[in-house]
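# model the following, please.
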Amino acid sequence: MLEVDPEGFDMLDRKLLLTVIEKLKAARSASDSLAAAMSEERGTIEDVIEPFLIQQGFLMRTARGRVATRAAYAHFGLAAPAIERELNLPLFRDSQ
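This is a model prediction of the structure:
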């Protein structure tokens with residue numbers, strides 16, 4: 001009834017992730033760009049949607065903007081781009 005998927009994502013969570021992945025072409029995106037692309041308020045994105053996605057490991061907030069993680073791409077059945085794969089490398093190579 002509330003359209004929550006098995007990961008606990010509602011419509012806005014999926015919309016934000018798909019916006020980062022598809023519309024912004026996996027580029028690092030600022031919250032202003034996300035807000036404009038989603039037609040949502042910046043505050044709603046930063047205070048309501050992002051914290052859950054970051055906590056669950058589907059979105060990363062970097063100095064250059066927001067990036068969807070490998071888990072986000074896998075959730076939608078998509079291949080992660082090469083740049084994103086580099087962001088998910090372990091700190092020490094042998095600790096995989």
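
# pretty sure E41 is in contact with A35, am I right?
Yes - with contact defined as C-beta atoms under 8 Å, E41 and A35 form a contacting pair (6.4 Å). C-beta here means a position set from N, CA and C on the backbone, and glycine is covered the same way.

# can you verify M60 is assigned to a strand?
Yes - assignment of M60 by DSSP: H, G, I helix; E, B strand; the rest coil places it within a strand.

# per-residue pLDDT of it, please?
With respect to pLDDT, M60 scores 89.

# distance of the nearest residue to it once chain neighbours are set aside from L17?
Here the nearest residue to M60 in space, its sequence neighbours aside, is V67; by C-beta to C-beta, 6 or more residues apart in numbering that works out to 4.8 Å. The gap separating V67 from L17 is 11 Å, by C-beta to C-beta, to the nearest Å.

# what's the overlap in contacts for the two?
Shared between the contact lists of V67 and L17 (criterion: C-beta atoms under 8 Å, 6 or more residues apart in numbering) are residues L59.

# can you pull out the strands in this protein?
59-62, 65-68 (DSSP state E).

# nearest to S31, of these?
Closest of these to S31 is strand 65-68, at 7.1 Å (criterion: C-beta to C-beta).

# so what secondary structure elements neighbour the closest one?
Based on contacts counted as 3 or more C-beta pairs under 8 Å, 6 or more residues apart in numbering; DSSP states H and E, the elements that strand 65-68 packs against are helix 31-38, strand 59-62, helix 82-87.
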